[in-house]
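Asker: any chance you could fold what I've pasted below:
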Amino acid sequence: MTGKAKELPDWAAKYQTRGHLIRENNGHYYLYRRTSKRIPGLKYPKQYEVYVGRITEADGIVPGKRILIDVSEIQVYEYGYSLVMIELCPEEWKRNMGSNWKNILMAAIVDASPESYVKKLPEFDGSCIGDPCVKVQRTTLYRKIREKYDADKDELLRLKGICMLEFTNGKRMISKINESQMATLKKLGMEIETVLEVCP
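Answerer: So this is what the prediction gives:
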């Protein structure tokens, strides 16, 4: 339960300052710091709550024993839209593109999503960026996906909000997937793991 300052005991309420939030659970009080970070592909900054510690009347703030990660050391890439376009790319489309299909596909993805993780892939060479056929072929892909899965372009582009967070220790995680994005993934018959051991 989140308490408002007037509902908290005086000794706890004094810690609920600007940018901080106190949560009460079974008579115990916990302090969180609110922060935000702008993530490419998202319209608004993503809000985070960072646990600070427990609050007691006798000791004040008792710092939590959690390891905090400096968000400036996290790389953020668009992931959901790019993964879906790669996974659902029809074999027929690949055959029509010939041996260069992978470069055309990756260029089409990056053109629509400049922060895409595919730019990190070793096979991405960027040779087709700016090619006039890229936008045409992406439109063809949208049409084929809509015909097969009944998911339109707007639903696919909504998946750009699913990001991959890459930490300095090499661990990769996926940002929160909201209900509308989950509905689109379900329609497409896809699941996205929240922790990536090996990035594709």
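
Asker: where do the helices sit along the protein?
Answerer: Assigned by DSSP state H, the chain shows helices spanning 10-13, 80-87, 91-97, 101-112, 133-149, 153-158, 179-188.

Asker: including mean pLDDT, mean neighbour count and distance to Arg34, could these go into a markdown table?
Answerer: From N, CA and C alone the C-beta is placed, and that goes for glycine too. Putting the helices of the chain into a markdown table (pLDDT from 0 to 100; neighbours: other C-beta atoms under 10 Å; distance: least, C-beta to C-beta, whole Å) gives the following:
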| stretch | mean pLDDT | mean neighbour count | distance to Arg34 |
| --- | --- | --- | --- |
| helix 10-13 | 88 | 15 | 17 |
| helix 80-87 | 95 | 21 | 26 |
| helix 91-97 | 91 | 12 | 45 |
| helix 101-112 | 93 | 21 | 32 |
| helix 133-149 | 92 | 16 | 38 |
| helix 153-158 | 94 | 17 | 26 |
| helix 179-188 | 92 | 15 | 23 |
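
Asker: of these, which is nearest Val50?
Answerer: helix 10-13 (18.3 Å; C-beta to C-beta).

Asker: middle-most residue in the chain, spatially?
Answerer: By C-alpha atoms, centre = their mean, the chain has its centre lying nearest to Cys163, at 2.5 Å.

Asker: neighbours around the closest residue to that one other than its chain neighbours, how many?
Answerer: Leaving aside its sequence neighbours, Cys163 sits nearest to Ser175 (C-beta to C-beta, 6 or more residues apart in numbering; 4.3 Å). Here the count is done by other C-beta atoms under 10 Å, and Ser175 has 18 residues near it.

Asker: Ser175 against Leu159, yeah?
Answerer: No - counting by C-beta atoms under 8 Å, Ser175 does not reach Leu159; the two are 11.4 Å apart.

Asker: how about the helices of the chain in a markdown table, adding distance to Tyr48?
Answerer: Converted to a markdown table, those look like this (distance: least, C-beta to C-beta, whole Å):
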| stretch | distance to Tyr48 |
| --- | --- |
| helix 10-13 | 22 |
| helix 80-87 | 19 |
| helix 91-97 | 39 |
| helix 101-112 | 27 |
| helix 133-149 | 33 |
| helix 153-158 | 22 |
| helix 179-188 | 19 |
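
Asker: of those helices, which approaches Asp125 most closely?
Answerer: helix 101-112 (6.4 Å).

Asker: between the closest one and helix 80-87, how many degrees?
Answerer: Here helix 101-112 runs at an angle of 160 degrees relative to helix 80-87 (axes from the mean of the first three to the mean of the last three C-alpha atoms, to 10 degrees).
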